[in-house]
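J.: Here is my input, please return the structure:
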Amino acid sequence: MITGLQLALVAGGLIGLGVALLVVRLVPAHPDLADALDRLAPARPTTGPARAAPTTAQERVGVWAMRTLPPGLWVRTPHRELALLRIPLARFYGEKLAYAAAGLVLAPMLGLFFELIGLGLPISVPFVATLGLAAVMFFLPNYNAIDDARRARIEFQRALGAYIELVALERNSGSGARQAMEASAEIGDSWVFTRLAEELSRSRWSGLPPWDALHSLAEELGLPQLDDFADIMRLSGEEGASVYATLRARSGAMRTAMLNDELAEANAVGERMSIPGSLLGVVFMALLIAPSLLRMFGNT
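T.: Sure, this is the predicted structure:
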């Protein structure tokens, strides 16, 4: 038999869904100028839905949402992070909607579970919990993309240091600027070297200088180290400057910076590890002192 609380839970979920759809419908639909220009520009394939046909259910939902829902609904889209991770924009939007739908369903299910075990909840809890959980789950893919992109940038920085060393050796052996950059990119098999090789190949076929292509890639993905390397290679290619010592110094500076960051992270982890040890010592001292205190208060 359906109780009043169960009806309230279901009604809260339906009201929350209706309010969300009403707000989405009433928000004025302004076209995203950056996304429109990106679709029209004959640039490299990015995260736009027009680059490839959707292949998964999330991508199909994302394409529908991009065509139907107003752009202001997404609040902030981490374009650089998605481009670095090569996640299609349609898949990202579909994942956000899937997470929000899970939040709308999860809160009423938890309310029904509490009702079955005998823990009654106020009627206002289902409605507030449904909207709150759906909002939190809606922004969870943003956090995942930013965190994954942070780790990817660290990996890119490490591989870029090795790539710069290889380019310096190629230049020292007499190779030209483009030849040194392309030959060095073909040596590694990680995703970083593959990304650099693809960009250099694209620049060759389009007639763009390789340092300009890497500069555009660094601007798109938010990689300042790659931008500095592109500036160094521009001096080498356009002015014929000797950049062997400069490249080696840049690579050494990158390794030193990465080592300092790892040492700082290790120190932070060590400080966090000391907190449980201190708490364990306090508990141990309390166990030693407790019997004496109990006997003393018992005698009084």
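
J.: Walking through this structure, point out its helices one by one.
T.: For the chain, the helices identified by DSSP state H occupy 4-26, 33-40, 57-68, 79-85, 89-116, 124-172, 177-185, 191-206, 210-221, 224-239, 244-299, in order along the chain.

J.: Turn those helices into a markdown table, including mean neighbour count and mean pLDDT.
T.: Quick note: C-beta positions are derived from backbone N, CA and C, even for glycine. Output for the helices of the chain, formatted as a markdown table (neighbours: other C-beta atoms under 10 Å; pLDDT from 0 to 100):
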| stretch | mean neighbour count | mean pLDDT |
| --- | --- | --- |
| helix 4-26 | 15 | 60 |
| helix 33-40 | 12 | 47 |
| helix 57-68 | 17 | 84 |
| helix 79-85 | 20 | 89 |
| helix 89-116 | 19 | 82 |
| helix 124-172 | 18 | 87 |
| helix 177-185 | 21 | 89 |
| helix 191-206 | 17 | 90 |
| helix 210-221 | 20 | 89 |
| helix 224-239 | 18 | 84 |
| helix 244-299 | 11 | 79 |
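
J.: what about residue 172, distance to residue 148?
T.: As judged by C-beta to C-beta, to the nearest Å, residue 172 and residue 148 stand 36 Å apart.

J.: cool, and residue 107?
T.: Separation of residue 107 from residue 148 (C-beta to C-beta): 27 Å.

J.: before we move on, what about residue 166?
T.: Counting by C-beta to C-beta, the gap from residue 166 to residue 148 is 27 Å.

J.: same deal with residue 104?
T.: Residue 104 sits 25 Å away from residue 148, going by C-beta to C-beta.

J.: repeat for residue 247
T.: Distance, residue 247 to residue 148, by C-beta to C-beta: 30 Å.

J.: Check residue 254 too.
T.: Here the criterion is C-beta to C-beta. By it, residue 254 lies 22 Å from residue 148.

J.: now swap in residue 199 and tell me
T.: Taken as C-beta to C-beta, the span from residue 199 to residue 148 is 21 Å.

J.: what do you get for residue 111?
T.: Applying C-beta to C-beta, one obtains 33 Å for the distance of residue 111 from residue 148.

J.: Residue 148 contacts residue 81, correct?
T.: Yes. Under the contact definition of C-beta atoms under 8 Å, residue 148 touches residue 81, with a separation of 7.4 Å.

J.: For the closest residue to residue 234 other than its chain neighbours, give me its contacts.
T.: Spatially, and ignoring its direct neighbours in sequence, residue 234 is nearest to residue 211 (4.2 Å; C-beta to C-beta, 6 or more residues apart in numbering). Contacts were defined as C-beta atoms under 8 Å, 6 or more residues apart in numbering; by that measure residue 211 touches 177, 230, 231, 233, 234, 237.

J.: Reformat those into TSV and put distance to residue 138 next to each item.
T.: As requested, the contacts of residue 211 are exported to TSV (distance: C-beta to C-beta, whole Å):
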residue	distance to residue 138
177	47
230	37
231	40
233	42
234	43
237	47
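
J.: my read: residue 182 touches residue 198, true?
T.: No. If you go by C-beta under 8 Å, residue 182 and residue 198 don't touch, sitting 11.0 Å apart.

J.: quick one: contacts of stretch 143-160?
T.: For stretch 143-160, using C-beta under 8 Å, 6+ apart, the contacting residues are 78, 80-82, 84-85, 87, 92, 188, 190, 192-193, 222-223, 225-226, 229, 254, 258.

J.: With stretch 174-193 instead?
T.: Stretch 174-193 has contacts (C-beta under 8 Å, 6+ apart) with 155-156, 159-160, 162-163, 166-167, 170-171, 194, 196-197, 200-201, 204, 210-211, 233, 236-237.

J.: what about 7 Å?
T.: 155-156, 159-160, 163, 166-167, 170-171, 196-197, 200, 210, 233, 236-237 (C-beta atoms under 7 Å, 6 or more residues apart in numbering).

J.: Just the CA atoms of it, as CSV, please.
T.: Backbone C-alpha positions of stretch 174-193 (Å, rounded to 0.1, in the frame of the first residue of the first chain) are rendered in CSV as follows:
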residue,chain,number,x,y,z
GLY,A,174,72.6,19.6,-38.3
SER,A,175,68.9,18.9,-38.9
GLY,A,176,66.6,21.8,-39.9
ALA,A,177,64.0,23.1,-37.5
ARG,A,178,61.0,21.3,-39.0
GLN,A,179,63.0,18.2,-39.7
ALA,A,180,64.2,18.1,-36.1
MET,A,181,60.7,18.7,-34.6
GLU,A,182,59.1,16.0,-36.8
ALA,A,183,61.8,13.4,-36.4
SER,A,184,61.8,13.9,-32.6
ALA,A,185,58.0,13.5,-32.5
GLU,A,186,58.2,10.2,-34.3
ILE,A,187,60.5,8.7,-31.7
GLY,A,188,58.1,8.5,-28.8
ASP,A,189,55.0,6.3,-28.6
SER,A,190,53.0,8.1,-25.9
TRP,A,191,49.9,10.2,-26.6
VAL,A,192,51.9,13.4,-26.1
PHE,A,193,54.4,12.5,-29.0
